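Novice: no sequence on this one, just coordinates:
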């Protein structure tokens, strides 16, 4: 797994759109944790803006939604980048869309928003990447 994360980071640093895929969610949690440690070590993640149930979110973190929240403008499987915090809400810049959303901490606490450096094969069916 360390080699996978290292290769992912090298490709990402060189401008490739690389993804890490795993069969089980518990594997993606581990890969996401390892990826964040590499990003922190390289100074790519610095300011933690919110911690929910022990999970830290920093400016620049990549995240993925796991449940629709139409009222917030966030759809299942959408990817976003953490850009800050407003009160008890995490501010996200949604990829491939011209919008920002503010996600309440309870949505995160319920497990509907996770780090998005690695995800399951199922969640990425049909994805296009390098």
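Specialist: Everything's here; your move. All values reported here derive from a predicted model rather than from experimental measurement.
Novice: what bits of the protein have low per-residue confidence?
Specialist: 123-130 (pLDDT under 70).
Novice: residue 79 - how many residues pack around it?
Specialist: 16 (other Cβ atoms under 10 Å). Where C-beta positions appear, they are placed from N, C-alpha and C, glycine not excepted.
Novice: which residue is the nearest non-sequential neighbour of it?
Specialist: Computed as Cβ to Cβ, 6 or more residues apart in numbering, the closest residue to residue 79 that is not its neighbour in sequence is residue 95, at 4.5 Å.
Novice: just list the residues touching that neighbour, thanks.
Specialist: The contact partners of residue 95, taken as Cβ atoms under 8 Å, 6 or more residues apart in numbering, are 78, 79, 80, 81.
Novice: most surrounded residue in these?
Specialist: Within the contacts of residue 95, neighbour counts (other Cβ under 10 Å) peak at residue 80, which reaches 25 neighbours.
Novice: might you report the residue contacts of it?
Specialist: 62, 63, 64, 65, 74, 92, 93, 94, 95, 101, 116.
Novice: 6 Å - rerun?
Specialist: 63, 92, 93, 94, 95 (Cβ atoms under 6 Å, 6 or more residues apart in numbering).
Novice: for stretch 98-110, buried residues please.
Specialist: 101, 102, 103, 104, 105, 107, 108 (16 or more other Cβ atoms under 10 Å).
Novice: what's the farthest-apart pair in these?
Specialist: 101 and 105 (13.8 Å; Cβ to Cβ).
Novice: strands of this structure, residue ranges please.
Specialist: Ranges of strands within the chain are 20-22, 48-52, 55-58, 62-65, 79-86, 89-94, 100-104, 113-115, 118-120, based on DSSP state E.
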